[in-house]
Every structure is written in C-alpha cells, then in structure tokens.
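# sharing a model prediction with you, sequence too.
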Amino acid sequence: ERSIDLIAINRNRENVVIRIRKTPTLSRDEVRDLIKASMAFDAVPMIVSCDRGLYDNIVYEREGVFILNDRTLENMYLRPNELVVFYKRGELFIPVNRENLIRARSGRTMSLGEVAYFTGISRRTLFSYEREGGLVTIETAERLVEVLGSDVIESVNLKLMKKEFKRRVAEAPSVEHEKEPVITRDILGEGKVYGLKKSAPDYLVKRTGSEVDIIVDALTNVKLSIRDIVKKTIESLKISELSRGDVEVIVDKGREGVVKDELSSYIDLNRLDIVAAKRMT
C-alpha cells in the first residue's frame, strides 16, 4: 500500500500531493507521509475520494490533511464562481478576502468601529481580518456580507489551503524526523530530511532552493527484493521530474552489480546515481 499517488503543479507553481481513495480514511503512516512529502515539496496534502459521505464544495480538514471529492476538486480548478468552504471541528468556515474587505469598508467610508457596531464583530477581530484574512463561520460570514457585500468572502482555493496547512504544521509537533535516517549523513548530504514509510522514496532531502533529492534505501531495508528496488526506483524517477532534484539508490556493495543490471533493462542509468555502501551490522 502506498501513501502518494500523484504530485501535481499548476501554472502558478502551486504544488499538490494527492492520495486517491475509495474511502477517505488513511493509516497514521499514510497521513504522515502525505504531510512530510507536502512539507518537502512546499505543497498541499490532499485526499481525493469518491465516498458518498463527502459533500460537493466542501473541503474537510483532518489531522492536517485535506479531504474532498472529485467534483469539489474539479470546481476549485475549473469553476471559480462555485463557493467552496472548509469543514473542520464540526463546523463550516468561509475564507475572508482581506483586500476586498478593506476596499468594501473604504468604499462605504465606514470606520472599523462602525463595521463592528453593525456586524457585532469586535474591532480587534475585524482588524485581524484586514491584516491577514482568516476563516469565519457561516453566521459571521452572513453578517459581513449583509454590511459590506458578498465580495468580502471568497471560495477555498489552493493558496488558502496552503496557508492553512502551514499554520497547522507550525502549531503541531515536528514530523520531519519521525523516521530517523538509518543510513549516514555522509550519504544523505546536507538538507532537511523527511523519512517516508509507505512510499516509493524512502527519504526526501530538501536542498537549498526548491530542489528535493529522492533517496531509495535498498541498503538498510534488507527485505526489498530486486524487483521491489526496480519498482521503487521507477516511481521515484517519475516524482523527480517535478522535484528538480536527483534520484539516488543506496545499495549494498554485494548487490550493486545485480541492481544495475536489472535497472538497466528498464531505465537509462544516467538518470540516477547508484551509491554502493557497506551495510552496518
């Protein structure tokens, strides 16, 4: 079972790490892999499911991962006039558009105090919305719209999901090193290391800039067959086309020749680095 199906980048360089499932439930390891891969690729972790319990135009947030059905994903990309909202902690939330909020208040020559009076929202909260936006309940959104117009709210989009994901990650304990590298730093090199448990790459190493190197660890994972190594390497090469980084396959010196021979039947070995090392006992 793998935890990542797709990594996509749109025209605005907004990255998405996607898991496609019939049901929206994932194991703890799958969730962690999605989150860590998204941190490495500066992306949004997303589960797309056809489960009938997921409603159209609602993005569900669970454990730092966003869950939605295919219709909602389609509307987010192709139908900007559709209003998509967040659902978390048992309640619906709508994003506030800070620029339109400022513009609407200014156009009506209203002070923060006046808006606070007519909406019943505190000046401090309104100031926070104007400074950095935010998510509001349906009730609060209705009060804002009644006083300032419908442009002050907006539909959920990838940019807002990314902001919400970063906020959630900043508040949660670090997951970067939950899987401590068994192979040495000499092999991994410098950078932030994200260990994955149920994906083709075993490690993602974020270098300077946006480069992410992909490591397949066939050295310490003694249960991997040659066929498994080939499959993981091919999948990792697909990911590397978007990551702008290198693919490294770490193998035991005793299996280096066999691995190279088998891989050469499927791919050009110039597309990756095969590093032979001695397994530590």
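Structure received.
# point me to the residue sitting farthest from the middle of this structure.
Centroid-distance maximum for the chain: T109 at 40.3 Å, with CA atoms, centre = their mean.
# so that residue versus R271, what's the distance?
From T109 across to R271, the span is 62 Å (CB to CB, to the nearest Å). All C-beta atoms are positioned from the backbone trio N, CA, C, and that covers glycine.
# and for F93?
As judged by CB to CB, F93 and R271 stand 44 Å apart.
# the two - which one has more neighbours?
The neighbour count for F93 versus R271, taken as other CB atoms under 10 Å, is higher for F93 (21 against 13).
# pLDDT weak spots in the stretch 51-200 of the chain?
Scanning the stretch 51-200 of the chain for pLDDT under 70 picks out 171-187.
# those helices in it, which residues are they?
Under the criterion DSSP state H, counting those that start in this stretch, helices of the stretch 51-200 of the chain are mapped to 70-78, 98-107, 112-119, 123-132, 138-148, 158-171, 185-188.
# what's the next secondary structure element after the helix or strand hosting L263?
Assigning secondary structure by DSSP states H and E places L263 in helix 256-264. Toward the C-terminus, helix 256-264 is succeeded by strand 273-277 as the next helix or strand (DSSP H and E).
# ok and that next one relative to helix 256-264, angle-wise?
Per axes from the mean of the first three to the mean of the last three CA atoms, to 10 degrees, the angle that strand 273-277 makes with helix 256-264 is 160 degrees.
# what does strand 273-277 contact?
Strand 273-277 has contacts (CB atoms under 8 Å, 6 or more residues apart in numbering) with 183, 187, 219, 246-253, 256, 259-260, 263.
# my read: E82 touches E154, true?
No. E82 lies out of contact with E154 (CB atoms under 8 Å); the separation is 11.5 Å.
# between these two, who's got more neighbours?
Between E82 and E154, E154 has the larger neighbour count (other CB under 10 Å), namely 20 against 14.
# how close does the residue nearest to that one when sequence neighbours are not counted get to V145?
Nearest residue to E154 in three dimensions, chain neighbours excluded: N97, at 4.4 Å (CB to CB, 6 or more residues apart in numbering). According to CB to CB, N97 stands 11 Å off from V145.
# now list the buried members of the contacts of strand 273-277.
183, 219, 246-251, 256, 259, 263 (16 or more other CB atoms under 10 Å).
# what's the lowest-pLDDT member of those residues?
On pLDDT alone, I183 ranks lowest of the buried ones among the contacts of strand 273-277, at 64.
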